[in-house]
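Trainee: Give me a 3D structure for the following:
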Amino acid sequence: MKFSVSSSELLKQLQVASGAIGSNPVLPILEDFLFSIENKKLTITATDLETSISTTIEVLADNDFTIAVPAKILLETLKALPQQPVTFTVDEESFGIEITSSYGKYRLAGEKGEDFPTPPEADTTDTVKISSKYLLEAINKTVFATSNDELRPAMTGVYFQIDFNKLICVATDAHKLVKIGTHQLAGEVATSFIIPKKALNLLKNALPTDDTVAIAFNKSNAFFNFGDFNLICRLIDARYPDYNAVIPVDNPNAMTVNRADFQNSLKRIAIYANKTTNQVVLDVSDKSLTISAQDLDFSNEATEQMPCSFEGTPLRIAFNAKFLVEMLTALDSEEVRMEFSTPSKAGILTPIEEDNNDREILMLVMPVMLNS
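Mentor: Residues are numbered from 1 along each chain as shown. You can find the predicted model right below:
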């Protein structure tokens with residue numbers, strides 16, 4: 001049994017699939033790629049039993065077969081080869097694999113393909129479709145706000161709320177929250193589920209900029225499909241917190257400021273902040289924003305002033321600079337609007353965009369108590 005393929009094409013597909021391989025697999029075979037050849041098409045599958053990726057490329061093959069190939073040694077071999085055709089020859093009895101390149105031959109031990117775990121099937125599922133552009137933006141703007149706290153599993157993923165033609169994605173770690181909504185969804189179902197962060201990061205790396213993504217889902221799994229790429233992930237089985245309850249409705253104080261200037265100022269001031277709290281203080285008044293920080297333990301302090309437009313009562317409020325910088329990085333508008341009610345209630349950050357008819361973005365950040 002043999003097949004031939006371009007080394008660079010194969011490497012490209014393997015690098016996408018390899019993200020699904022866990023660092024400490026529970027079964028030795030999970031350190032392998034499953035190669036399945038059918039009708040001169042090679043499907044590469046990798047899984048950690050929670051997340052599975054499969055991708056397909058065309059090859060020159062003499063017949064159909066499956067074989068499990070050790071991932072690490074194969075990836076290292078292909079990375080070390082310049083682009084050229086490579087031929088894989090598989091021994092049906094021993095599952096030994098011989099790779100032939102223009103430089104020589106490399107032998108490695110494969111495993112029986114039938115022993116590789118079978119990913120879940122997309123049966124009894126509902127399906128919606130969305131442009132990859134909007135899905136990619138939703139992932140980029142939410143995944144950084146997820147929690148790493150395994151004791152609160154719901155918050156370690158992104159909450160997908162599907163309402164026919166509307167998709168709302170929410171992420172929070174209890175200190176910051178991001179909500180992004182778009183009407184660019186084609187579907188006839190209303191439901192919600194939580195997708196793990198790992199699956200979304202893998203999807204983000206594989207998504208094309210302009211394609212249609214089909215999202216199928218049932219009670220336990222979600223299936224993402226576009227082109228020759230499939231990602232299957234187990235959903236987080238937990239109840240998502242009522243995020244609307246923490247978004248303050250009445251915010252009489254509003255500041256508008258240049259996003260990049262605000263972000264760069266925060267980065268500089270944060271150097272002088274206490275390294276435990278990262279606390280920066282915002283003094284907002286008519287036409288002026290003063291950003292300051294101090295670290296009393298080392299007698300460090302810094303202050304900067306910048307122009308802003310402001311409506312409301314002058315206000316002094318403190319935030320974790322790291323959280324604000326992360327949120328401003330995820331936004332791409334020239335200006336941002338920040339709304340406040342009192343120094344003890346969350347601040348709301350939204351982009352100011354000329355064309356935002358197709359989606360809405362809201363970011364929330366909890367204040368830190370002012371140092372007395």
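
Trainee: residue farthest from the centroid of this structure?
Mentor: For the chain, the residue at maximal distance from the C-alpha centroid (Cα atoms, centre = their mean) is residue 93, at 41.9 Å.

Trainee: Could you pull up phi and psi at it?
Mentor: Dihedral angles of residue 93 (phi, psi; degrees, to the nearest 10) stand at phi -80, psi -50.

Trainee: quick one: it from residue 3, how far?
Mentor: Separation of residue 93 from residue 3 (Cβ to Cβ, to the nearest Å): 18 Å. The way it works is simple: take the backbone N, C-alpha and C, and place the C-beta from them, glycine included.

Trainee: Residue 75 too?
Mentor: 18 Å.

Trainee: repeat for residue 179
Mentor: With Cβ to Cβ as the criterion, residue 179 and residue 3 are 47 Å apart.

Trainee: Compare these two (neighbour count), which wins?
Mentor: A direct count of neighbours by other Cβ atoms under 10 Å for residue 179 and residue 3 places residue 179 higher, at 22 against 19.

Trainee: May I have the strands that pair with whatever helix or strand the more buried one lives in, each with its orientation?
Mentor: Here residue 179 sits within strand 176-182, counting by DSSP states H and E. Taking DSSP bridges as the criterion, strand 176-182 forms sheet pairs with strand 166-172 (antiparallel), strand 359-365 (antiparallel).

Trainee: tell me the most buried of those strands?
Mentor: Comparing the strands paired with strand 176-182 by mean neighbour count (mean count of other Cβ atoms under 10 Å), strand 166-172 comes out on top with a mean of 22.

Trainee: For residue 79, identify the helix or strand it belongs to.
Mentor: helix 71-80.

Trainee: what packs against that helix?
Mentor: helix 7-18, strand 32-38, strand 105-109 (3 or more Cβ pairs under 8 Å, 6 or more residues apart in numbering; DSSP states H and E).

Trainee: switch to 6 Å and redo it
Mentor: When contacts are defined as 3 or more Cβ pairs under 6 Å, 6 or more residues apart in numbering; DSSP states H and E, helix 71-80 packs onto helix 7-18.

Trainee: and the strands paired with strand 176-182 as JSON lines, adding distance to residue 149 and mean pLDDT?
Mentor: Output for the strands paired with strand 176-182, formatted as JSON lines (distance: least, Cβ to Cβ, whole Å; pLDDT from 0 to 100):
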{"stretch": "strand 166-172", "distance to residue 149": "11", "mean pLDDT": "97"}
{"stretch": "strand 359-365", "distance to residue 149": "18", "mean pLDDT": "94"}
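
Trainee: any idea how far residue 318 is from residue 110?
Mentor: 59 Å.

Trainee: Point out the one among the strands paired with strand 176-182 that comes closest to residue 114.
Mentor: The closest of those to residue 114 is strand 166-172. By Cβ to Cβ, the value is 38.4 Å.

Trainee: and residue 322, what does it touch?
Mentor: residue 278 (Cβ atoms under 6 Å, 6 or more residues apart in numbering).

Trainee: any idea how far the residue nearest to residue 307 when sequence neighbours are not counted is from residue 333?
Mentor: What sits nearest to residue 307 in space, not counting adjacent residues and going by Cβ to Cβ, 6 or more residues apart in numbering, is residue 287, at 6.2 Å. Plainly put, residue 287 is 21 Å away from residue 333 if you go by Cβ to Cβ.

Trainee: the more surrounded of the two?
Mentor: Using other Cβ under 10 Å as the criterion, residue 287 and residue 333 rank with residue 333 on top: 16 against 8.

Trainee: a helix runs through the more buried one, doesn't it?
Mentor: No - the assignment for residue 333 (DSSP: H, G, I helix; E, B strand; the rest coil) gives coil, which keeps it out of a helix.

Trainee: give the contact list for it.
Mentor: Residue 333 neighbours (Cβ under 6 Å, 6+ apart): 351, 352, 353.

Trainee: Could you do residue 277 as well?
Mentor: Residue 277 neighbours (Cβ under 6 Å, 6+ apart): residue 368.

Trainee: Look up phi and psi at residue 19.
Mentor: phi -60, psi -20.

Trainee: Which parts of this structure belong to which domain?
Mentor: As assigned by automatic domain parsing, the chain contains the domains 2-115, 126-244, 247-365.

Trainee: What ranges does the stretch 151-300 of the chain have for its strands?
Mentor: For the stretch 151-300 of the chain, strands defined by DSSP state E, counting those that start in this stretch occupy the ranges 157-163, 166-172, 176-182, 185-186, 190-196, 212-217, 221-226, 229-234, 253-258, 279-285, 288-295, 300-307.
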